[in-house]
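*Asks:* Output the structure for:
(one chain, ligands or ions: 1)
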Amino acid sequence: MTLIWRHLLRPLCLVTSAPRILEMRPFLSLGASWTSVTKLGLHTKPRMPPCDFVPERYQSLGYNRVLEIHKEYLSPVVTAYFQKPLLLHQGHMEWLFDAEGNRYLDFFSGIVTVSVGHCHPKVNAVAQKQLSRLWHTSTVFFHPPMHEYAEKLASLLPEPLKVIFLVNSGSEANDLAMLMARAHSNNIDIISFRGAYHGCSPYTLGLTNVGIYKMELPGGTGCQPTMCPDVFRGPWGGSHCRDSPVQTIRKCSCAPDCCQAKDQYIEQFKDTLSTSVAKSIAGFFAEPIQGVNGVVQYPKGFLKEAFELVRARGGVCIADETFRIAPSMCITKPEVDFAVEVFRSALTQHMERRAK
Ligand SMILES: Cc1ncc(COP(=O)(O)O)c(C=O)c1O
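*Replies:* A predicted model of the protein is given here:
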C-alpha cells in the first residue's frame, strides 16, 4: 500500500465537535462542515456530500481506556503516527465514523479499502457466504475458491507471470521474491532504490531504504541501495521526463525521443553495478512508482534500461506492486520477471469490478 506517509505526517483535519482546533489526524479529511480557518487563509466552507447511512451506537471502550490498553499491552512498535489518533468505530463505503459518531470522508485509510471503500455490501455478502461454508483448511487439501481465483488472476496476466503464489502480505511476497531470485540466480546481491519501501520483515528491511524504518541492527544482508532516479527532487530531471503534472516544474530542453536525465541516472545505476555489488547479482527490486517516499516517478525508459543491465549481470527484475498504476505509464508487465503483490492489488481491482 501504498502509503504516502511522508506527505501524511502533518495533514490537517478539523474536529467536528470543536471547530477551529487543528489536530494531526490520519488520512482523513474534513469532519462535518468547516468554519473559518483563518490561519490557513481559507474562507470557503466545503461541505461533505450527504450520507443516509446511520452507524450503530458505539458501545465499546472509552478513548482513555483504549489508550491505556495500547500503552500497557501492545508493543511500542505499534505506534499511531498522530498525537491523538481517531478512535474509529464503523465504516460504510467512503465514510468512516468515530466513536462519537462524527463522520469522515476517507481518502486514504487502508490498502484494501482504496478501491471499494468500507464494508461494501457485495463484498461482505461474498465473504459471509464463504465464512459460513468453510473458514480454513490446510493447503494440503483442495478447496476450489483458491483455484477459481488463481485461474481468473492468471487470465489477466501475460506470460511468464502465470504462476500464482498466494501469501498474506506484501512483506511476505517480497521475502519470497528475494528468496526465489537468489535461488534462481545462485547469487546474493539485490539492488533497490533509496527511498524504496518493500516491507519491514527482517529480510525486506534490507531492501527498504527509508530512514524511519531503519533499525539499530542492520537489515537483510546482501541488499544494496542505489540512487533513486527522482526527476522531481533529484539532481536531474525536467518537464519532458514524464507526462505527469507533478513532474513539470523544471524546464528541460531534451528532444522528444531522448532524456538526458534518464542517461545520467543510468550512469549512477551502472556505477552501483560496477562498484557496490558482486559481478553477478540476484536481482533488482523497484516499485513502478514509489509510494512511501512520495509519489516518485522515474524518467521514461529508465526501468527498461536498468532491467537490461540487471539481466546482463544474471539478476532478475522484480516489480513490487505492478498493478498500482496503468502498466503503460511505467513498465509493461512482460518486462518484469516477478510481479509481487499481485494478489493484493489485483484482488482490490477484482473486488471493484464485482462491486459495480
Ligand atoms: C510497495 C510496497 N511493498 C511492500 C509493502 C509491504 O506490504 P505489507 O505491509 O502488506 O507487508 C508495502 C506496504 O505498503 C508497499 O507499499
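
*Asks:* looking at the chain, which helix or strand does the model trust least?
*Replies:* Lowest on mean pLDDT, DSSP states H and E among the helices and strands of the chain sits strand 12-14, with a mean of 30.

*Asks:* Run through the strands of the stretch 201-350 of the chain in chain order.
*Replies:* With strands called from DSSP state E, counting those that start in this stretch, the stretch 201-350 of the chain shows them at 223-226, 283-286, 316-320, 338-340.

*Asks:* Can you tell me which of those strands is most buried?
*Replies:* strand 283-286 (a mean of 28; mean count of other Cβ atoms under 10 Å). (Each C-beta comes from the backbone N, C-alpha and C, glycine too.)

*Asks:* Any chance you could list what contacts it?
*Replies:* 174, 177-178, 181-182, 185, 190-193, 196, 198, 207, 298, 303, 306-307, 310, 315-320, 337 (Cβ atoms under 8 Å, 6 or more residues apart in numbering).

*Asks:* For Ala286, see how far away the residue of the stretch 101-250 of the chain at minimum distance from the ligand is.
*Replies:* Residue of the stretch 101-250 of the chain nearest the ligand, by Cβ to the nearest ligand atom: Gly170 (2.3 Å). As judged by Cβ to Cβ, to the nearest Å, Gly170 and Ala286 stand 14 Å apart.

*Asks:* before we move on, what about Arg311?
*Replies:* Look at Arg311 and Ala286: by Cβ to Cβ, they are 14 Å apart.

*Asks:* Enumerate the residues of the stretch 101-250 of the chain near the ligand.
*Replies:* Neighbours of the ligand within the stretch 101-250 of the chain, by Cβ under 6 Å from any ligand atom: Ser169, Gly170, Ser171, Asn174, Tyr197, His198, Gly199.

*Asks:* low-scoring stretches of the chain, by residue?
*Replies:* 1-45, 243-248, 322-356 (pLDDT under 70).

*Asks:* repeat that with 80
*Replies:* The chain contains residues with pLDDT under 80 at 1-46, 80-81, 108-115, 156-161, 219, 242-249, 256-257, 321-356.

*Asks:* thinking again about what came up before, could you write me a PyMOL select line covering just the buried ones among the residues of the stretch 101-250 of the chain next to the ligand?
*Replies:* Only the buried entries of these go into this PyMOL selection, using 16 or more other Cβ atoms under 10 Å:
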select buried, resi 170+171+174+197+198+199
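
*Asks:* is it possible to export the residues of the stretch 101-250 of the chain next to the ligand to JSON lines including secondary structure and distance to Leu153?
*Replies:* Shown next, in JSON lines, are those (DSSP: H, G, I helix; E, B strand; the rest coil; distance: Cβ to Cβ, whole Å):
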{"residue": "Ser169", "secondary structure": "coil", "distance to Leu153": "17"}
{"residue": "Gly170", "secondary structure": "helix", "distance to Leu153": "16"}
{"residue": "Ser171", "secondary structure": "helix", "distance to Leu153": "20"}
{"residue": "Asn174", "secondary structure": "helix", "distance to Leu153": "18"}
{"residue": "Tyr197", "secondary structure": "coil", "distance to Leu153": "24"}
{"residue": "His198", "secondary structure": "coil", "distance to Leu153": "21"}
{"residue": "Gly199", "secondary structure": "coil", "distance to Leu153": "21"}
